[in-house]
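J.: predicted model, plus sequence, below.
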Amino acid sequence: MSLIVQKFGGTSVGDAERIRNVARRVVATQQAGHRVVVIVSAMSGETNALVALADELGGPERSDREYDVLVSTGEQKTIALLSMAIHALGHDAVSFTGAQLGMRTDTSHSNARIESIDADRVRKVLDGNAVAVIAGFQGTDADGNITTLGRGGSDTSAVAVACALEADVCEIYTDVDGVFTADPNMVGAAHKLAQISYDEMLELASLGSKVLQVRSVKFAMQYGMPIHVRSSFHEAEGTWVTREEDVMERLVVSGVTYNRNEAKIRVGGVKDTPGMAGALFGGLAEAGIVVDMIVQNVSHDGSTDMTFTVPKPEYERAIQLANELAPTLGGDATVEGDPDIAKVSVVGLGMTDHAGVAAKMFDVLAQESINIQMIGTSEIKISVVIEEKYTELAVRALHQAFVEDGASEPRSEG
Ligand code: ASP
Ligand code: MG
């Protein structure tokens with residue numbers, strides 16, 4: 001008898017009828033002979049509404065503790081409603097809040113990390129032939145304070161519970177059919193991938209794909225838990241996120257993705273001596289600003305310049321801070337910024353065994369007269385920063401070249 005963890009996101013439980021559908025699906029899984037644990041998100045729009053209320057009444061100085069007490073209520077509503085819907089079908093279900101489950105986290109409110117899960121209570125429920133229905137996104141710290149795991153955190157709750165219970169699979173039910181080769185709203189020819197490795201999924205999630213929370217993929221990778229991302233609206237198979245060894249086809253490019261949520265800052269006239277990068281990026285890190293791409297130019301006349309990207313919401317603060325740090329950068333450093341950029345990336349395991357992927361990418365962009373401002377790479381990813389207004393054009397052209405015509409080998413370097 002296998003143990004299946006099923007997670008349903010906000011749209012999948014968006015209204016009474018959808019919750020009833022989820023109940024039917026859960027019961028059907030159980031009747032097919034499986035033990036079922038369900039993790040749910042808040043009904044769609046619910047968490048946003050709670051966040052808006054917190055902002056309105058609490059303002060910028062609002063208490064982090066009370067924020068978590070508030071935003072965790074969305075999930076509590078769903079576990080009760082889904083349990084009732086399962087009861088109405090004549091089956092047994094027991095709901096658990098994070099606290100009732102023993103989902104222990106650290107104390108960082110609104111961005112807490114899971115430390116341990118007490119799986120025994122859930123096992124007892126399963127032994128009694130009932131479905132366990134668990135609130136995602138929430139836990140409690142050692143002092144019993146309610147914590148939440150960051151937006152999209154129910155994915156991480158689901159994978160963590162699956163790992164703790166040593167489930168056979170963690171199914172993530174959502175409003176899309178799986179993981180696509182590109183955003184299907186942008187690229188008509190984008191298609192669903194049957195499989196993708198943890199590493200590729202991690203890159204895609206970090207680069208802006210919203211299908212899975214980054215942390216859930218890290219968890220799954222660490223424990224080797226297979227994730228099946230699929231639609232809650234039909235029965236078709238979705239995308240399996242799995243170990244690299246289990247991926248049948250190492251695609252050179254499995255996905256083209258974009259992120260418009262970063263801004264670029266250039267600090268010019270930085271003295272070319274040891275310690276300058278440390279001073280600049282140390283200052284930004286101290287202020288909690290997460291820097292993504294960094295490029296340093298060759299120095300001329302003893303000075304150099306550093307260009308980097310930060311999340312758009314941090315842009316103004318980062319510019320201000322860079323200006324404050326400029327006098328410490330040994331000379332007459334100047335700061336300029338540009339928020340109208342996009343990062344476009346191609347990701348694929350097969351890149352490691354093919355030369356010329358980067359060259360082909362740059363070629364494709366040149367054909368469209370798109371200027372590349374920054375370049376960043378990892379083993380299985382190439383990212384470029386371009387002018388924001390060319391995002392769609394770049395994504396479409398790269399998808400065409402690598403995925404649609406992708407059977408063709410990348411141009412050889414020779
Ligand atoms: N309800 C939370 C959110 O909207 C957690 C989740 O849905 O994963 O971010
Ligand atoms: Mg989600």
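T.: Yes, it's here. Ligands and ions are numbered 1, 2, ... in the order given.

J.: up against ligand 1, what does the chain have?
T.: Proximity of the chain to ligand 1 (CB under 6 Å from any ligand atom) is limited to residues 9-10, 41-42, 47, 74, 136-137, 151-155. All C-beta atoms are positioned from the backbone trio N, CA, C, and that covers glycine.

J.: same for ligand 2: which of these are within range?
T.: The subset of these within reach of ligand 2, by CB under 5 Å from the ion, is 9, 152.

J.: where do the helices sit along the protein?
T.: 16-31, 46-58, 64-71, 73-88, 98-101, 120-127, 154-164, 198-206, 214-223, 276-286, 315-325, 357-367, 391-399 (DSSP state H).

J.: I'd like the ones you listed laid out as CSV, including mean neighbour count.
T.: Shown next, in CSV, are these (neighbours: other CB atoms under 10 Å):
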stretch, mean neighbour count
helix 16-31, 17
helix 46-58, 15
helix 64-71, 19
helix 73-88, 20
helix 98-101, 21
helix 120-127, 15
helix 154-164, 28
helix 198-206, 24
helix 214-223, 21
helix 276-286, 16
helix 315-325, 17
helix 357-367, 17
helix 391-399, 20
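
J.: can you put those helices in CSV and add mean pLDDT and distance to Thr107?
T.: Below are the helices of the chain laid out as CSV (pLDDT from 0 to 100; distance: least, CB to CB, whole Å):
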stretch, mean pLDDT, distance to Thr107
helix 16-31, 97, 32
helix 46-58, 96, 19
helix 64-71, 97, 9
helix 73-88, 98, 20
helix 98-101, 96, 14
helix 120-127, 96, 23
helix 154-164, 98, 17
helix 198-206, 94, 25
helix 214-223, 96, 17
helix 276-286, 95, 21
helix 315-325, 96, 25
helix 357-367, 97, 43
helix 391-399, 98, 39
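
J.: figure out which of those helices is closest to Gly144.
T.: helix 98-101 (7.3 Å; CB to CB).

J.: packing partners of the closest one?
T.: helix 120-127, strand 131-135, strand 138-140, strand 146-148 (3 or more CB pairs under 8 Å, 6 or more residues apart in numbering; DSSP states H and E).

J.: relative to helix 154-164, how tilted is the second one?
T.: Taking axes from the mean of the first three to the mean of the last three CA atoms, to 10 degrees, one finds strand 131-135 and helix 154-164 inclined to each other by 140 degrees.

J.: looking at the helices and strands packed on helix 98-101, which is closest to ligand 2?
T.: With respect to ligand 2, and counting by CB to the ion, the nearest of the helices and strands packed on helix 98-101 is strand 146-148 at 13.5 Å.

J.: need the helices and strands packed on helix 98-101 in CSV (columns: distance to Leu280).
T.: Formatted as CSV, the helices and strands packed on helix 98-101 follow (distance: least, CB to CB, whole Å):
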stretch, distance to Leu280
helix 120-127, 48
strand 131-135, 42
strand 138-140, 36
strand 146-148, 33
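
J.: hang on, Val253 packs against Val346?
T.: Yes. Assessed by CB atoms under 8 Å, Val253 is found in contact with Val346 at 4.7 Å.

J.: OK, contacts around Gly152?
T.: 210, 212-213 (CB atoms under 8 Å, 6 or more residues apart in numbering).

J.: switch the cut-off to 10 Å
T.: Residues in contact with Gly152, defined by CB atoms under 10 Å, 6 or more residues apart in numbering, are 9-10, 41, 47, 136-137, 205, 210-216.

J.: gap between it and Ser378?
T.: 22 Å (CB to CB, to the nearest Å).

J.: residues shared between the contacts of Val253 and Val346?
T.: Common neighbours of Val253 and Val346 (criterion: CB under 10 Å, 6+ apart): 182, 357, 360-361, 380-382, 398-399, 401-403.

J.: burial count for the closest residue in space to Gly302 that isn't next to it in sequence?
T.: Leaving aside its chain neighbours, Gly302 sits nearest to Asp272 (5.2 Å; criterion: CB to CB, 6 or more residues apart in numbering). Asp272 has 17 neighbouring residues, counting by other CB atoms under 10 Å.

J.: look up how far Leu325 lies from Asp272.
T.: Remark: distance between Asp272 and Leu325 (CB to CB) = 16 Å.

J.: again, but for Val241
T.: 40 Å.

J.: cool, and Leu70?
T.: Counting by CB to CB, the gap from Leu70 to Leu325 is 36 Å.

J.: and if you look at Glu115?
T.: Noted for Glu115: a distance of 36 Å to Leu325, by CB to CB.

J.: export stretch 32-48 to CSV, keeping only CA atoms.
T.: Provided in CSV are the C-alpha atoms of stretch 32-48 (Å, rounded to 0.1, in the frame of the first residue of the first chain):
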residue,chain,number,x,y,z
ALA,A,32,-7.7,2.9,-5.3
GLY,A,33,-5.8,1.5,-2.3
HIS,A,34,-3.5,4.2,-1.1
ARG,A,35,-3.0,6.0,2.2
VAL,A,36,-3.5,9.7,1.5
VAL,A,37,-2.2,12.8,3.2
VAL,A,38,-3.5,16.1,1.9
ILE,A,39,-1.8,19.5,2.3
VAL,A,40,-3.8,22.6,1.3
SER,A,41,-3.2,26.3,0.6
ALA,A,42,-5.6,29.1,1.5
MET,A,43,-8.4,29.6,-1.0
SER,A,44,-7.2,31.8,-3.9
GLY,A,45,-7.0,35.4,-3.0
GLU,A,46,-7.3,34.8,0.7
THR,A,47,-3.7,35.2,1.7
ASN,A,48,-3.4,38.4,-0.4
